[in-house]
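1. sequence and predicted structure, then a few things I'm wondering about:
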Amino acid sequence: MIKKLVSFFSPLPQNKELVDDTKRLKKLQWSFFLSATLGYGLYYVCRLSMSVVKKPLVDGGILSESELGLVGSALFFAYAAGKLISGFLADRVNIKRFMAVGLLLSSLINITLGFSHSFWVFLILWGLNGLAQSMGAPSSVVGLSRWFPDKERGSYYGFWSASHNIGEAITFIATAFVVSIAGWRWGFEAAGFAGLIGAVIIMLFMHDSPTSKGLKPVMPPKELNKSVGATQREVLKNPFIWVLALSSALMYISRYAVNSWGIFFLENEKSYTSVQASSIIAVSSVCGIIGTVLSGFISDKFFKGNRNAPALIFGIGNTLSLSMFVFVPQGYYIIDIISMVIFGLSIGVLICFLGGLMAVDIAPKRASGAALGVVGIASYIGAGVQDIISGYLIGDGKTMTDGIAAYDFSSIRYFWIGAAALSFMLCATLWKVKRKEEV
């Protein structure tokens, strides 16, 4: 059984004679890129379904705010550990099969949760969902390194990173609509069925590497002479990657503060309906697509390939927009929208830069998965800590009057904003770090 499993995930045998066919390479590059982008977007639909159903779960007495925080953190902590492991594995496996299996497992977990009402079932399955989710991003990023040279990878990475926001937009619009008319159970079911479609797309249209299709590799010749293990050790010894990881972790606290609790905050602090709150948060997802897609262009066109300057600028934007979101009182709909526009643009750029591209830039190309794994484990430990602390602070600030809940969000405001501010301060220390050029 173990041998069959290893064989299934092993890279396909390399053809003896590799050809240089530019036209065919370009066609396969687009096939990989589009399937990886759409596939990872649907990963996010299966990850964020919990965010849309939090209020129905609390109102129905199924889970408390603190229990929701623990359930959410289970995914993040499992995802953090899984992303480190999956990152190191993705450098060595058939990424098409690896990514498809992860999405299939995540889909089945969502479908199963639609039939559950037990806290322990939610906690265990949502934690397992974190492990399944960890198989997506490393597969995509390793594929980008395998299929695209340095001079093109930044732009394609930026476009691929928009998959985060595509998934968020689908969740906060389509999944929220399903929940509003059919209930929370169907929110999980809809997300699961969308994931099944994504797994099929990955298996049909994604490809492992150019060599698996009989084409010459696009990696630098010098790196092909190094073992994967040697290049991965270089990543672990690079202090700048660890600074990036911590900066990303703090950014992820602010990111998932809005993704995980933004709808809940707007419903209870500003009296929006579920659909209205979901629509406002969806604005950040749509704008995030713009920020992510333009991130590579912005750094190449206006900063001569320097990612540090735009990362710092948008880090400040993230902090300011989050301050607007949590401090502006009820009744200022336009300002809430503006805050989510700025937040979405900022997070879109930061996910691309802090969340992976800056680490991949300075890491050996054969260890792209390892670099992403180091940043990933730190990022999602931050996200998990956020969910626990946020759930506790929100529950601690809850008071009941005649059966009606009221919340004091004072403490949580400073926690979210403080994390965002510390993130861009750490980013400022990386000002002179240069990316690793092809040789």
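-> All right, it came through fine. Residues are numbered from 1 along each chain as shown.

2. now the strand or helix carrying Val258: mean pLDDT?
-> In the assignment (DSSP states H and E), Val258 maps to helix 239-269. For helix 239-269, the mean pLDDT works out to 87.

3. can you give me the helices for the stretch 51-200 of the chain?
-> For the stretch 51-200 of the chain, helices defined by DSSP state H, counting those that start in this stretch occupy the ranges 54-59, 65-90, 95-113, 119-133, 136-147, 150-170, 176-182, 184-205.

4. just give me the lowest mean pLDDT stretch among the ones you listed.
-> When I compare those, helix 150-170 is least confident, with a mean of 77.

5. so for that helix, what gets flagged as buried?
-> Residues of helix 150-170 classed as buried: 150, 153-170 (neighbour count, 16 or more other Cβ atoms under 10 Å). (Each C-beta comes from the backbone N, C-alpha and C, glycine too.)

6. ditto for stretch 281-299
-> Buried residues in stretch 281-299 (16+ other Cβ under 10 Å): 281-296, 298-299.

7. related to what we said a few turns ago, whatever helix or strand comes next after the helix holding Val258 - contacts with which helices or strands?
-> Moving toward the C-terminus from helix 239-269, the next helix or strand (DSSP H and E) is helix 274-302. In terms of contacts (3 or more Cβ pairs under 8 Å, 6 or more residues apart in numbering; DSSP states H and E), helix 274-302 is packed against helix 150-170, helix 176-182, helix 239-269, helix 308-327, helix 333-352.

8. packing partners for the shortest one?
-> Put plainly, it is helix 176-182. helix 184-205, helix 274-302.

9. off-centre distance for it?
-> Centroid separation between helix 176-182 and its chain, computed with Cα atoms, centre = their mean, to the nearest Å, is 24 Å.

10. who's in contact with it?
-> Helix 176-182 is touched from outside by Val52, Val53, Pro56, Trp186, Gly187, Ala190, Ile263, Ser274, Val275, Ser278, Ser279, Ala282, with contacts defined as Cβ atoms under 8 Å, 6 or more residues apart in numbering.

11. what's the burial count for the third one?
-> In terms of burial, Pro56 registers 17 neighbours under the definition other Cβ atoms under 10 Å.

12. quick check: it vs Glu267, distance?
-> Using Cβ to Cβ, to the nearest Å, Pro56 is found at 11 Å from Glu267.

13. same question, the second one
-> Between Val53 and Glu267 the distance, using Cβ to Cβ, works out to 13 Å.

14. okay, the two: which has more neighbours?
-> Higher neighbour count among Val53 and Glu267: Val53, with 27 against 18, using other Cβ under 10 Å.

15. could I have the CA atoms of stretch 38-53 written out in PDB?
-> Presented in PDB, the C-alpha positions along stretch 38-53 are these (Å, rounded to 0.1, in the frame of the first residue of the first chain):
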ATOM      1  CA  LEU A  38      -8.600  28.200 -10.800                       C
ATOM      2  CA  GLY A  39      -7.800  25.100  -8.800                       C
ATOM      3  CA  TYR A  40      -6.300  27.000  -5.900                       C
ATOM      4  CA  GLY A  41      -9.100  29.500  -6.000                       C
ATOM      5  CA  LEU A  42     -11.500  26.600  -5.300                       C
ATOM      6  CA  TYR A  43      -9.200  25.500  -2.500                       C
ATOM      7  CA  TYR A  44     -10.100  28.800  -0.900                       C
ATOM      8  CA  VAL A  45     -13.800  28.200  -1.300                       C
ATOM      9  CA  CYS A  46     -13.300  25.000   0.700                       C
ATOM     10  CA  ARG A  47     -11.300  26.800   3.300                       C
ATOM     11  CA  LEU A  48     -13.400  29.900   3.900                       C
ATOM     12  CA  SER A  49     -16.800  28.300   4.100                       C
ATOM     13  CA  MET A  50     -16.600  28.400   7.900                       C
ATOM     14  CA  SER A  51     -16.300  32.200   7.800                       C
ATOM     15  CA  VAL A  52     -19.700  32.600   6.200                       C
ATOM     16  CA  VAL A  53     -21.600  30.300   8.600                       C
END
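
16. quick one on the thing from earlier: Gly198 is nearest to which of the helices and strands packed on helix 274-302?
-> helix 150-170 (9.5 Å; Cβ to Cβ).

17. quick one: the closest one to helix 184-205, angle?
-> Counting by axes from the mean of the first three to the mean of the last three Cα atoms, to 10 degrees, helix 150-170 lies at 150 degrees to helix 184-205.

18. what's the angle from helix 150-170 to helix 333-352?
-> Using the same axes, to 10 degrees: helix 150-170 against helix 333-352 is 140 degrees.

19. spatially nearest residue to Val58 (excluding sequence neighbours)?
-> Nearest non-adjacent residue to Val58, counting by Cβ to Cβ, 6 or more residues apart in numbering: Glu65, 6.3 Å away.

20. right, and that neighbour touches Leu393 too?
-> No - the criterion here is Cβ atoms under 8 Å, and Glu65 misses it with Leu393 at 9.4 Å.
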